[in-house]
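> Prediction below, plus the sequence it came from.
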Amino acid sequence: MIERPMRSALYLPASNLRAIEKARTLPCDVVILDLEDAVGSEAKQVARDQLAGALGGGFAAPTVVIRVNGFDTEWGAADLDAAVAARPDAILVPKVDSSASLLPYEDRIGKGSGIALWAMVETARSVFRLDDIASAAERGFLSCLVLGTNDLAKESGAQPGLDRLPFQALFGLAVMAARASGIAILDGVFNALDDAEGLAVQCRQAVEFGFDGKTLIHPRQIDTCNAAFTPDAEAVAAARRIIAAFDAPENTGKGAIRLDGKMVERLHLVQARRTLAMAGIDSAAPPR
């Protein structure tokens, strides 16, 4: 289960200091400093050199992630060294095709570093290895899957509309794979910067499929995304009632209880805690 809200994850080119400075106070839950797609080959070294200073300045976002180039590129090894030295919350690995492909990153990060791994699901091969990729979480590094829907469209030749029909089967399976391994999962980006209504539609779709949040490419998308993934007051109140009921001494050890005229099981307790986490509320804290 997620420990922090991950509703909105904003990609920023690590080469653009102006964009990074503007992002320090933005209300997104995750900042992803990108060394990969958003940075041209001529700016790769500059982007790497700026990582330490970028993280040192701090962000309002509770989670900071660095996306590196893959080891199969000329920049991959240097990117990973720079990312580890900058000590983000997580390192995002592109084009992950299997659990084994994460091993070199785990070896370089090392146990006890406190740096997690996130994995991009963005290749045709990865679609058929979702469970294998997510199972890497058992080794203690992988904590999130991130869909790369643009790359998936390119590889497959699909032409997804607003409902993203060609990818809906993938969405369900990817969320299930993440949940089976107890990790988070983020939806892909929405490319139409001026289509706020379309963004809202895709955010609602992602919520319905069970994603923890969505990756974004522009700050103007943050508010819409946060609103879609934030449980409303009624959902928060219901979650608090479930947690309080199972915490009651008379319900200790019970697998199911009666609450508000319904049978509530411990699986609903897990969902209730996730609801509060999505709302940025500590489930152990008393209500205000």
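Perfect, I can see it now. This one's a predicted model, so the numbers in the text were calculated from it and none came from an experiment.

> Quick one: the helices in the stretch 51-200 of the chain, in order.
In the stretch 51-200 of the chain, helices defined by DSSP state H, counting those that start in this stretch lie at 51-56, 76-86, 103-109, 124-127, 130-134, 149-156, 168-180, 196-209, listed in chain order.

> Tabulate those helices (a markdown table), appending mean pLDDT, mean neighbour count and distance to residue 8.
Placement of C-beta: from N, CA and C, glycine included. Listed next are the helices of the stretch 51-200 of the chain as a markdown table, based on pLDDT from 0 to 100; neighbours: other Cβ atoms under 10 Å; distance: least, Cβ to Cβ, whole Å:
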| stretch | mean pLDDT | mean neighbour count | distance to residue 8 |
| --- | --- | --- | --- |
| helix 51-56 | 89 | 16 | 19 |
| helix 76-86 | 96 | 19 | 22 |
| helix 103-109 | 96 | 16 | 25 |
| helix 124-127 | 97 | 17 | 24 |
| helix 130-134 | 98 | 20 | 22 |
| helix 149-156 | 96 | 17 | 16 |
| helix 168-180 | 97 | 17 | 18 |
| helix 196-209 | 97 | 17 | 9 |
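
> I'd like those laid out as TSV, including distance to residue 262.
What follows is the helices of the stretch 51-200 of the chain, written out as TSV (distance: least, Cβ to Cβ, whole Å):
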stretch	distance to residue 262
helix 51-56	46
helix 76-86	47
helix 103-109	43
helix 124-127	37
helix 130-134	31
helix 149-156	37
helix 168-180	23
helix 196-209	22
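
> Out of those, flag the one nearest residue 256.
When those are compared by Cβ to Cβ, helix 168-180 sits nearest residue 256, at 20.8 Å.

> Run through the neighbouring helices and strands of that closest one.
Where contact means 3 or more Cβ pairs under 8 Å, 6 or more residues apart in numbering; DSSP states H and E, helix 168-180 is packed against helix 130-134, strand 142-147, strand 184-187, helix 196-209.
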